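# Quick check, what structure comes out for this input:
(4 chains)
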There are 2 protein chains.
Amino acid sequence: MSDYHHGDLRKALLEAAHSVINEKGIHGLSLRACAAKAGVSHAAPTHHFRSLSGLLTELAVIAFTDFTEALRQAYDEGDATASLQQRLQTAGNAYVQFALREPELFKLMFSSPLPDQSNEQLCEVSGQAYAELTRVVKPLCDERGISDKASIEQAEILVWSTIHGYAHLSLKQMDVHGVCDDMRAGMPPMEILGVLFEQI
Amino acid sequence: MSDYHHGDLRKALLEAAHSVINEKGIHGLSLRACAAKAGVSHAAPTHHFRSLSGLLTELAVIAFTDFTEALRQAYDEGDATASLQQRLQTAGNAYVQFALREPELFKLMFSSPLPDQSNEQLCEVSGQAYAELTRVVKPLCDERGISDKASIEQAEILVWSTIHGYAHLSLKQMDVHGVCDDMRAGMPPMEILGVLFEQI
DNA sequence: AATCGAAACTTGACAGTGTAAAGTTGGTAC
DNA sequence: GTACCAACTTTACACTGTCAAGTTTCGATT
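Numbering: from 1, shown residues only, chains lettered A, B, ... in the order given. Next up, the predicted model:
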């Protein structure tokens, strides 16, 4: 059997990368380790992705896509009759739970210098993730008669800051003390998120 | 003149590291580059810090110390007659401004895998930074009659999440679009922070 | 004051890394 | 069937962290 023409090496390498960062963290990843895991020569990845940064950029794109889908699903398949506050809380929970379920991907997406932040595709999908969050904010603004663009944007930023900050904090807690069920259960900021709007 | 016994190589290396990460980012740092910048041989840093992680752990400790001091100063030297909401806002601004003034140190402190998170000294100083933030939250809780420990902790987490999330978002905005005066001026979440307490 | 030991730093070495260039293979379109 | 081209390998180089062993210098002890 030929050693050339792997089949779908691109996909295999991305999966290998995902697997490696889950085991050793983003910093423990190397192109050569991915290549070895996929059973190809050490320079094969360079042909598909231009560099390590290229590989991780593409992995981040996939991660953002999954992330956006998780947020979308939580919103669309959630109880549509629930209050807007509760729906916001549900979205926030989905956000944090993704971070806890895929900690390394989450770090890759939001706090790794390796992906190319100016990559067009990456900007696109990270924008979509943000847009998904704002889907929940918009009706809340409507409900409260907030209609000018600047105020809506402030509300979006406020919500994103709180949710993301909490996800980050939960992740750090998990890194230090292992799995952290306390926070998974508690989620205080999520409960308060809806209330937040009462005063904007 | 002797090439041995530099004087205070430890300090010189830490300053070199700080300077290098400001120029090339944390990922662009290497022990050997620090050594070269300090004018010593490539293996000299290993003698003072056990590893790259050791150096960056110590730099993170210094950064957290400065950070805590900046928060403390904003609180203690701020207008003591201002409302508690305003004082909270001031603290939040100090938090974000540190992130914008020292972006690489901030990333080192909060989103780099390189420092040793289990290092005793690092845990100590990062705890102190958190404690500095809670100094502002406590009186707000008192004012609102929140006295049980769990509720106070929830308030702390909420405040930290919002402020830190906003700092993170500002930093990303700056990385992508250069210096971002909009956010430096706007700070919407800071204005809302005090108001938040009205509904806890 | 001479000496001895330890601390500070250098030199040398090794395995591992990203990545560029050139060579090899195998499918595919004509 | 042949020519081409994409997929992959091989080779090579500069760079990295880190260990081990050597050299220098300071400071304390006698």
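# so where is chain A shaky, pLDDT-wise?
Residue ranges of chain A with pLDDT under 70: A:1-5, A:180-200.
# for DNA strand D, what are the nearby residues on it?
With the criterion set to C-beta under 7 Å from any atom of the strand, chain A comes near DNA strand D through A:3-7, A:9-10, A:35, A:40-44, A:47-48. For the C-beta atoms, the positions are set from N, CA and C on the backbone; glycine is no exception.
# of all those residues, which comes closest to A:Lys138?
Among the residues of chain A next to DNA strand D, A:Arg10 lies closest to A:Lys138 (C-beta to C-beta), at 37.1 Å.
# Quick check: phi and psi at whichever residue of chain A sits closest to DNA strand C.
Closest to DNA strand C within chain A is A:Ser51: 2.9 Å, counting by C-beta to the nearest atom of the strand. Main-chain dihedrals, A:Ser51, degrees, to the nearest 10: phi -160, psi 180.
# OK, contacts around it?
Neighbouring residues of A:Ser51 by C-beta atoms under 8 Å, 6 or more residues apart in numbering or on different chains: A:Leu31.
# With A:Ser19 instead?
So A:Ser19 contacts A:Lys37 (C-beta under 8 Å, 6+ apart).
# buried ones in whichever strand or helix holds it?
Counting by DSSP states H and E, the element that carries A:Ser19 is helix A:9-24. By neighbour count on 16 or more other C-beta atoms under 10 Å in any protein chain shown, the buried set for helix A:9-24 is A:Leu9, A:Arg10, A:Ala12, A:Leu13, A:Leu14, A:Glu15, A:Ala16, A:Ala17, A:His18, A:Val20, A:Ile21.
# so which of those would you say is closest to chain B?
A:Ile21 (10.4 Å; C-beta to the nearest C-beta).
# any idea how far the closest residue to the closest one other than its chain neighbours is from B:Pro45?
Nearest in space to A:Ile21, with sequence neighbours left out and distances taken as C-beta to C-beta, 6 or more residues apart in numbering or on different chains, is A:Glu104 at 4.3 Å. Per C-beta to C-beta, to the nearest Å, A:Glu104 is found 28 Å from B:Pro45.
# okay, the angle between the longest helix along chain A and helix B:149-177?
Ordering each helix of chain A by length in residues (DSSP state H) puts helix A:149-177 first. Interaxial angle, helix A:149-177 versus helix B:149-177 (axes from the mean of the first three to the mean of the last three C-alpha atoms, to 10 degrees): 110 degrees.
# chain center to helix A:149-177: distance?
In terms of C-alpha atoms, centre = their mean, to the nearest Å, the centre of helix A:149-177 is set 12 Å apart from its chain centre.
# can you check stretch A:106-120 too?
Taking the mean of its C-alpha atoms, stretch A:106-120 sits 11 Å from the chain's own mean (C-alpha atoms, centre = their mean).
# Next, the buried residues of it.
A:Phe106, A:Lys107, A:Leu108, A:Met109, A:Phe110, A:Ser111, A:Ser112, A:Pro113, A:Leu114, A:Pro115, A:Asp116, A:Asn119.
# Save those as JSON lines, and put in secondary structure and distance to DNA strand C too.
Below are the buried residues of stretch A:106-120 laid out as JSON lines (DSSP: H, G, I helix; E, B strand; the rest coil; distance: C-beta to the nearest atom of the strand, whole Å):
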{"residue": "A:Phe106", "secondary structure": "helix", "distance to DNA strand C": "21"}
{"residue": "A:Lys107", "secondary structure": "helix", "distance to DNA strand C": "17"}
{"residue": "A:Leu108", "secondary structure": "helix", "distance to DNA strand C": "14"}
{"residue": "A:Met109", "secondary structure": "helix", "distance to DNA strand C": "19"}
{"residue": "A:Phe110", "secondary structure": "helix", "distance to DNA strand C": "21"}
{"residue": "A:Ser111", "secondary structure": "helix", "distance to DNA strand C": "19"}
{"residue": "A:Ser112", "secondary structure": "coil", "distance to DNA strand C": "14"}
{"residue": "A:Pro113", "secondary structure": "coil", "distance to DNA strand C": "13"}
{"residue": "A:Leu114", "secondary structure": "coil", "distance to DNA strand C": "10"}
{"residue": "A:Pro115", "secondary structure": "coil", "distance to DNA strand C": "12"}
{"residue": "A:Asp116", "secondary structure": "coil", "distance to DNA strand C": "11"}
{"residue": "A:Asn119", "secondary structure": "coil", "distance to DNA strand C": "14"}
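# Between the residues you listed, which sits nearest chain B?
Closest approach between the buried residues of stretch A:106-120 and chain B, by C-beta to the nearest C-beta: A:Ser111, at 3.4 Å.
# what's the closest non-adjacent residue to the closest one?
With sequence-adjacent residues excluded and distances taken as C-beta to C-beta, 6+ apart, A:Ser111 is closest to B:Ser111, at 3.4 Å.
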